[in-house]
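Q: sequence-free structure coming up:
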């Protein structure tokens, strides 16, 4: 028998629903945090509430506090559980090319016209989205299998001007490490290497003593 090819929408839905997210019972957590940049370390406390509000405590340096808060917000926003229909009901999906790695391109129409994704092994391995007046492109190279969905492990991101295609800022390479606390997987370390005109800047966010609220 010939296998029935999934529709582009169903292929993307399966990968979307395979992402690791926190359920509605997620209580939030606290952690000790150390942020290191340019050889300088800043330590304090981090708190994410059950409704995904992030706080940084005991970090007096304003830039360090802002950097830590930004990462806590990023972490939380990607763990929010929303149904596929809630997120993509106004979008259409069509098949694009399949690359040499077996990643299948999916082109979006409707509300998100111009965006595209790639799916490989039931995981989204490329995101190309128009967001807040820029285009962000994220390539994922490896992932963690939690048994309840996947989490990206190594990936990069780069921003471009949607009109001119000009790159905005340097490309960043991320490496994320997670640990299971109670029933939940929580980020314990994120290292970001960003290309700049003066060389590579490395930022290291280390979270320890993670405790659920």
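A: Perfect, thanks for sending it. Predicted, not measured: the structure shown is a model, and the values here were computed from it.
Q: which residues sit against stretch 77-94?
A: For stretch 77-94, the surrounding residues in contact (C-beta atoms under 8 Å, 6 or more residues apart in numbering) are 7-9, 11-13, 16-17, 20-24, 26, 52, 106-112. Every C-beta, even on glycine, is put in place using the N, C-alpha and C of the backbone.
Q: how near is the most centrally placed residue in the chain to residue 100?
A: By C-alpha atoms, centre = their mean, the chain has its centre lying nearest to residue 78, at 5.8 Å. Going from residue 78 to residue 100 by C-beta to C-beta, to the nearest Å gives 28 Å.
Q: From the contacts of stretch 77-94, which land in strands?
A: Members of the contacts of stretch 77-94 lying in strands (criterion: DSSP state E): 106-110.
Q: Closest to residue 141 out of those?
A: Residue 141 has its nearest neighbour among the ones in strands among the contacts of stretch 77-94 in residue 106, at 19.0 Å by C-beta to C-beta.
Q: Would you check that the closest one makes contact with residue 115?
A: No: here residue 106 lies out of contact with residue 115, judged by C-beta atoms under 8 Å, at a distance of 9.3 Å.
Q: Would you state the helices of the chain in chain order?
A: Here the chain has its helices, by DSSP state H, at 8-17, 62-77, 84-88.
Q: Tell me who's in contact with residue 193.
A: Each residue near residue 193 by C-beta under 8 Å, 6+ apart is listed here: 172-173, 200-202.
Q: Okay, and the beta partners of it?
A: Going by DSSP bridges, residue 193 is paired in beta bridges with residue 173, residue 202.
Q: what about stretch 103-118, average pLDDT?
A: Stretch 103-118 carries an average pLDDT of 94.
Q: can you pull the buried residues of it?
A: For stretch 103-118, burial by neighbour count (16 or more other C-beta atoms under 10 Å) applies to 103-108, 112, 115-118.
Q: In those residues, find the pair that's most separated.
A: Based on C-beta to C-beta, the longest span within the buried residues of stretch 103-118 runs between 103 and 112 and measures 19.1 Å.
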